[in-house]
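Engineer: I would like the atomic coordinates for the input below:
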Amino acid sequence: MGAVIRAIATHLPSRKLTNAQLAEEYQDWAVDKIFEKTGISERRIAEPGECASDLGVAAAQKLFAGGACTPEAIDFLLFCTQTPDYYLPATACLVQDRLGLRTNIGGLDFSLGCSGYVYGLALAKALVENGMADNVLLITADTYSKFLNPTDRGVRTIFGDGAAATLIAADPGHEAAIGPFVFGTDGRGADKLIVPAGCSRLRPSAATSQEKDDGTGVFRSPENLYMDGPEIFNFSLRAVPQVVGQLLEKSRMKVEEVDHFVFHQANRFMLEQLRRKIKIPAEKFLINMGSYGNTVAATIPMALEIALDQKLIKPGDRVMLVGFGVGYSWAAAMANLV
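Structural biologist: Residues are numbered from 1 along each chain as shown. Modelled structure (predicted):
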């Protein structure tokens, strides 16, 4: 029994943060300069009381409304987020109840960022092909905006909030529609993209909420997200070409035999650098985060949904999916879309 990606639906918060709004705050960064650096014209921002579960539930409801599956048919729920509603319980439990899924199903959270979608596909494939589930609902949702300091232009111009729901289903007619996979983990880069305070290692306190100038005019507290942009960029240039080469070798394919490449939509500059380094033709390389920004684990399914709607990707196409970032963590997979 094979596992296939049966449907994808996404959801974005209604509030927008445009380049024009950011340019008003950062007087030395014009609208055109922000777009040139990021490839993003606007990003969506969750309301103060709007959480990852709210975005994920909305995405799943769209998926069900599209007719691909009913809530009663779901056998397992995977919820990927780094911004859970609570330390406990698992957000998957909250989502199961709100969606009206059966109680005799599995449900779990896993905390991964930009590589999370590919890892989620691997988990879903294993559940289906080992006979533990027929229909797996994979939700990737994050609200990174809640961690961003308003003065930190390096992250505010990039990250947006959003969610995607993907149905991975059993299909006897497609034995190898998802896979193979290649994974990577290197915790030596953990401090390059991190929220230092707020969990068990460094509990929130009056001290952790104090903002300090980092010497560049950015005032950040340990409860804010910190990103070492140059190091993240260097890591990506090292890891991504390597994992693409490993997956091509494992798949016994060449670049020209892959129909489309969908990488984590980090920012346009980074993606173009990677495309040129790997020598991927521009017409096979999807870049589409301009209207929603870097939504972390949801960027790949968002790009896939847009490409499918616009018929840039058609049934039967062989697509390489590559996620990379916080952790450091990276993963790549082949997928035949049916």
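
Engineer: So V319 sits against L337, correct?
Structural biologist: Yes. Using Cβ atoms under 8 Å, V319 makes contact with L337 at a distance of 6.2 Å. Where C-beta positions appear, they are placed from N, C-alpha and C, glycine not excepted.

Engineer: tell me, what's touching these two both at once?
Structural biologist: 304, 313 (Cβ atoms under 8 Å, 6 or more residues apart in numbering).

Engineer: Secondary structure of E249: a helix, I assume?
Structural biologist: Yes. Counting by DSSP: H, G, I helix; E, B strand; the rest coil, E249 is part of a helix.

Engineer: Spell out the secondary structure type for the residue nearest to the spatial centre of the chain.
Structural biologist: Residue closest to the mean C-alpha point of the chain, counted by Cα atoms, centre = their mean, is A297 at 1.5 Å. Secondary structure, three-state DSSP: A297 is helix.

Engineer: who touches it in this structure?
Structural biologist: 80-82, 112-117, 120, 140-142, 323.

Engineer: top of those residues by neighbour count?
Structural biologist: A141 (35 neighbours; other Cβ atoms under 10 Å).

Engineer: Next, that one: secondary structure please.
Structural biologist: A141 ends up strand, using three-state DSSP.

Engineer: ok, now how distant is it from R98?
Structural biologist: In this view, A141 and R98 are 13 Å apart by Cβ to Cβ, to the nearest Å.

Engineer: Spit out the residues that contact these two alike.
Structural biologist: With Cβ under 8 Å, 6+ apart as the test, A141 and R98 both reach S53.

Engineer: tell me the pLDDT at the residue nearest to the centre of the chain?
Structural biologist: In this prediction, A297 carries a pLDDT score of 97.

Engineer: Export the least confident helix or strand in the chain by mean pLDDT to PDB, keeping only CA atoms.
Structural biologist: Lowest by mean pLDDT, DSSP states H and E among the helices and strands of the chain is helix 31-38, with a mean of 90. Extracted as PDB, the C-alpha positions of helix 31-38 are listed here (Å, rounded to 0.1, in the frame of the first residue of the first chain):
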ATOM      1  CA  VAL A  31       9.900  49.700  -0.200                       C
ATOM      2  CA  ASP A  32      11.900  48.500  -3.200                       C
ATOM      3  CA  LYS A  33      14.900  47.700  -1.100                       C
ATOM      4  CA  ILE A  34      12.900  45.500   1.200                       C
ATOM      5  CA  PHE A  35      11.500  43.600  -1.800                       C
ATOM      6  CA  GLU A  36      14.900  43.300  -3.400                       C
ATOM      7  CA  LYS A  37      16.400  41.700  -0.300                       C
ATOM      8  CA  THR A  38      13.500  39.400   0.500                       C
END
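
Engineer: name the helices or strands packed onto that helix?
Structural biologist: helix 19-25, helix 268-278 (3 or more Cβ pairs under 8 Å, 6 or more residues apart in numbering; DSSP states H and E).

Engineer: what packs against the shortest one?
Structural biologist: On a contact count with 3+ Cβ pairs under 8 Å, 6+ apart, helix 19-25 meets helix 31-38.

Engineer: Who are the packing partners of the helix or strand just after the helix it packs on?
Structural biologist: Per DSSP states H and E, the first helix or strand lying C-terminal to helix 31-38 is strand 42-45. In terms of contacts (3+ Cβ pairs under 8 Å, 6+ apart), strand 42-45 is packed against strand 15-18.

Engineer: tell me which residues in the strand it packs on are buried?
Structural biologist: For strand 15-18, the neighbour count (16 or more other Cβ atoms under 10 Å) marks L17 as buried.
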